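S.K.: here is my input, please return the structure:
(one chain, ligands or ions: 1)
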Amino acid sequence: MRITTEQIAEVESDRVADHEADLRAVADVGTRRGVDVEAVIEAVRHFSVAAPSWAVGTGGTRFGRFPSGGEPRTIEEKIDDVAALHALTGANRTVSLHVPWDDPEDPEALHTYAREAGIGFDAMNSNTFQDNSSTTGDFAVSYKFGSMANADAAVRKQAVEHNLEVIELGKRLGANALTVWLGDGMNHPGQADFRRQFERVADCLHQVHDALPDGWRLFTEHKPYEPAFYSSVNPDWGSSLLLAQAAGAQARCLVDLGHHLPNTNIEQIVSRLAMVRRLGGFHFNDSKYGDDDLTVGSIHPYQFFLIVLELVKIGDGAMPDLSYMIDASHNLKDPLEDLAQATDQIQVSIAQAMLVDRPALEAAQESNDPARAAEVLHAAYRADVRPLVAEARRRNGAALDPLTAFRSIGYRKEMTRERGAGSTAIGL
Ligand SMILES: [Mn+2]
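M.R.: Coordinates of the predicted model:
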């Protein structure tokens with residue numbers, strides 16, 4: 001089942017008049033304040049964020065998983081779901097695969113299938129944090145004590161080879177980046193040597209980097225803890241930067257918002273990484289305590305706005321050309337509804353960040369006027385930009401209100417009939 005623009009227009013026909021009235025009102029306010037509303041709409045229109053293949057299925061915790069039915073059973077069905085999401089949002093043009101959870105037997109056929117569905121391939125994700133016959137060479141080695149940081153050279157060699165295989169697969173799918181997230185670290189003080197672990201990982205990443213095709217990026221993704229609970233080899237942005245520098249010129253740091261200790265100033269990290277030209281991309285999500293993988297902007301919407309504002313500053317008024325992906329775990333909501341809400345939140349934050357009067361903000365900063373600076377930020381953050389975002393979606397042939405349209409069209413109901421109530425997606 002493909003969701004079409006015509007289907008969306010049909011279920012939203014009674015919303016158009018209200019939308020147009022709302023849009024006129026916002027445009028009037030914009031005109032009075034000298035805001036280029038058209039530029040905001042067009043910037044939102046052109047933005048795209050990848051959906052990870054593992055997020056179209058219901059997530060879970062180590063305590064359980066409660067699938068709600070109609071989940072994709074194959075990689076092609078995952079592509080179908082991303083295509084449905086993109087039809088509704090107009091802003092999810094790519095899917096990010098995870099190997100071995102997604103290991104197509106015929107990459108060219110999959111490439112064709114995705115192209116016909118209008119979906120491209122974003123960054124490839126390797127996996128050396130669990131043992132699997134396709135990542136450990138038929139279990140000849142084990143990642144129990146780490147992969148690239150392992151004391152055993154044979155394990156490190158296998159970890160590098162797995163990453164090279166993922167690059168090869170990505171080349172056949174038309175991807176252009178590899179994200180390396182490692183579970184390597186220690187659970188026990190004294191278990192390993194901090195420096196030796198780090199140097200081994202740096203050396204392995206350098207080997208992987210040397211196999212990158214031209215135009216590809218290698219992303220290092222930091223995370224403070226879990227699965228290693230005493231120390232992680234790449235726990236923070238500083239370590240991630242050192243690893244990216246050691247890996248080579250095509251390496252960049254990827255910032256997963258949930259991979260920070262509570263109250264970390266992530267927008268400052270974004271600014272620093274951009275300053276040294278090593279900011280590569282994002283995994284968007286939100287968190288209350290740890291790597292909670294909650295819906296983007298659901299816990300700290302103002303922080304998310306400030307992060308996007310840093311991006312708009314880097315892009316000189318528009319979102320810079322980085323790698324963007326939603327990395328959330330949908331344990332209770334329908335995965336596609338949560339992805340649609342996350343995408344909407346990102347679009348709203350882009351519109352708000354673009355409304356910031358940056359010359360006025362800079363003037364307040366340069367004259368030591370924090371009260372004025374706060375007024376400038378709040379004027380943008382408190383603006384209701386939803387009609388602008390809806391208009392951007394409408395111009396892309398997508399939905400004014402993706403979640404309601406998704407329900408009206410009955411996509412999940414149809415998928416449950418087709419795929420079964422007990423179908424489950426592989427992955428997290
Ligand atoms: Mn991530």
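S.K.: quick one: name the residues of the stretch 251-400 of the chain near the ion.
M.R.: The stretch 251-400 of the chain has residues 256, 283, 327 near the ion, with proximity defined as CB under 5 Å from the ion. For every residue, glycine as well, the C-beta is placed using N, CA and C.
S.K.: centre-most residue in the protein?
M.R.: With distances taken as CA atoms, centre = their mean, the residue of the chain nearest its centroid is residue 325 (1.7 Å).
S.K.: and the strands in the stretch 151-300 of the chain, which stretches?
M.R.: Applying DSSP state E, counting those that start in this stretch to the stretch 151-300 of the chain gives strands spanning 177-180, 185-186, 217-221, 231-232, 251-256, 279-284.
S.K.: mind putting those strands into JSON lines with mean neighbour count and mean pLDDT?
M.R.: Shown next, in JSON lines, are the strands of the stretch 151-300 of the chain (neighbours: other CB atoms under 10 Å; pLDDT from 0 to 100):
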{"stretch": "strand 177-180", "mean neighbour count": "26", "mean pLDDT": "98"}
{"stretch": "strand 185-186", "mean neighbour count": "22", "mean pLDDT": "98"}
{"stretch": "strand 217-221", "mean neighbour count": "25", "mean pLDDT": "98"}
{"stretch": "strand 231-232", "mean neighbour count": "20", "mean pLDDT": "98"}
{"stretch": "strand 251-256", "mean neighbour count": "25", "mean pLDDT": "98"}
{"stretch": "strand 279-284", "mean neighbour count": "25", "mean pLDDT": "98"}
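S.K.: let me know the outermost residue of the chain.
M.R.: Taking CA atoms, centre = their mean, the residue of the chain most remote from its mean C-alpha position is residue 367, at 36.9 Å.
S.K.: now the residue nearest to the centre of the chain: how far from residue 25?
M.R.: Between residue 325 and residue 25 the distance is 34 Å, computed by CB to CB, to the nearest Å.
S.K.: could you do residue 173 as well?
M.R.: Per CB to CB, residue 173 is found 44 Å from residue 25.
S.K.: hmm, back to that, closest one of the residues of the stretch 251-400 of the chain next to the ion to residue 17?
M.R.: residue 327 (37.6 Å; CB to CB).
S.K.: skip the chain neighbours and tell me the closest residue to that closest one.
M.R.: Leaving aside its sequence neighbours, residue 327 sits nearest to residue 283 (CB to CB, 6 or more residues apart in numbering; 3.5 Å).
S.K.: give the contact list for that neighbour.
M.R.: Going by CB atoms under 8 Å, 6 or more residues apart in numbering, residue 283 touches 221, 254, 255, 256, 257, 258, 259, 325, 326, 327.
S.K.: next secondary structure after the lowest-mean-pLDDT helix or strand in the chain?
M.R.: Least confident helix or strand of the chain, by mean pLDDT, DSSP states H and E, is helix 16-32 with a mean of 95. If you walk from helix 16-32 toward the C-terminus, the next helix or strand you reach (DSSP states H and E) is helix 37-46.
S.K.: so which elements touch that next one?
M.R.: For helix 37-46, the elements it packs on are helix 16-32, helix 335-355, helix 386-395, judged by 3 or more CB pairs under 8 Å, 6 or more residues apart in numbering; DSSP states H and E.
S.K.: single out the most deeply packed of those helices.
M.R.: Highest mean neighbour count among these (mean count of other CB atoms under 10 Å): helix 335-355, with a mean of 25.
S.K.: other residues contacting the following helix or strand past that helix?
M.R.: Next helix or strand after helix 335-355 toward the C-terminus (DSSP H and E): helix 358-366. Contact with helix 358-366 is made by 313, 317, 369, 370, 372, 373, 376, 377, as judged by CB under 8 Å, 6+ apart.
S.K.: lowest-confidence one in those residues?
M.R.: Lowest pLDDT within the contacts of helix 358-366 is found at residue 317 (90).
S.K.: contacting residues around it?
M.R.: Residues counted as contacts of residue 317 (CB under 8 Å, 6+ apart) are 39, 354, 358.
S.K.: quick one: which of those residues is nearest the ion?
M.R.: Each of these was scored against the ion by CB to the ion, and residue 354 proved nearest at 25.9 Å.
S.K.: can I assume the closest one is in contact with residue 39?
M.R.: Yes. Counting by CB atoms under 8 Å, residue 39 is a contact partner of residue 354 at 7.1 Å.
S.K.: contacts for stretch 398-407, please.
M.R.: Counting contacts by CB under 8 Å, 6+ apart, the residues outside stretch 398-407 that touch it are 5, 8, 11-12, 15-16, 19, 84, 86-91, 336-337, 340-341, 343-344, 390, 393-394, 412.
S.K.: mind running it again at 7 Å?
M.R.: 8, 11-12, 15, 19, 87-90, 336-337, 340-341, 344, 390, 393-394 (CB atoms under 7 Å, 6 or more residues apart in numbering).
S.K.: mind listing what's buried along that stretch?
M.R.: For stretch 398-407, the neighbour count (16 or more other CB atoms under 10 Å) marks 398, 399, 400, 401, 402, 403, 405, 406 as buried.
S.K.: can I get it in PDB, CA atoms only?
M.R.: Output of stretch 398-407 as PDB, limited to C-alpha atoms (Å, rounded to 0.1, in the frame of the first residue of the first chain):
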ATOM      1  CA  ALA A 398       2.300  15.800   2.000                       C
ATOM      2  CA  ALA A 399      -0.200  16.200   4.800                       C
ATOM      3  CA  LEU A 400      -1.200  19.300   6.700                       C
ATOM      4  CA  ASP A 401      -1.600  17.000   9.800                       C
ATOM      5  CA  PRO A 402       0.400  13.800   9.200                       C
ATOM      6  CA  LEU A 403      -0.900  11.900  12.300                       C
ATOM      7  CA  THR A 404      -4.600  12.500  11.700                       C
ATOM      8  CA  ALA A 405      -4.200  11.700   8.000                       C
ATOM      9  CA  PHE A 406      -2.300   8.500   8.800                       C
ATOM     10  CA  ARG A 407      -5.300   7.400  11.000                       C
END
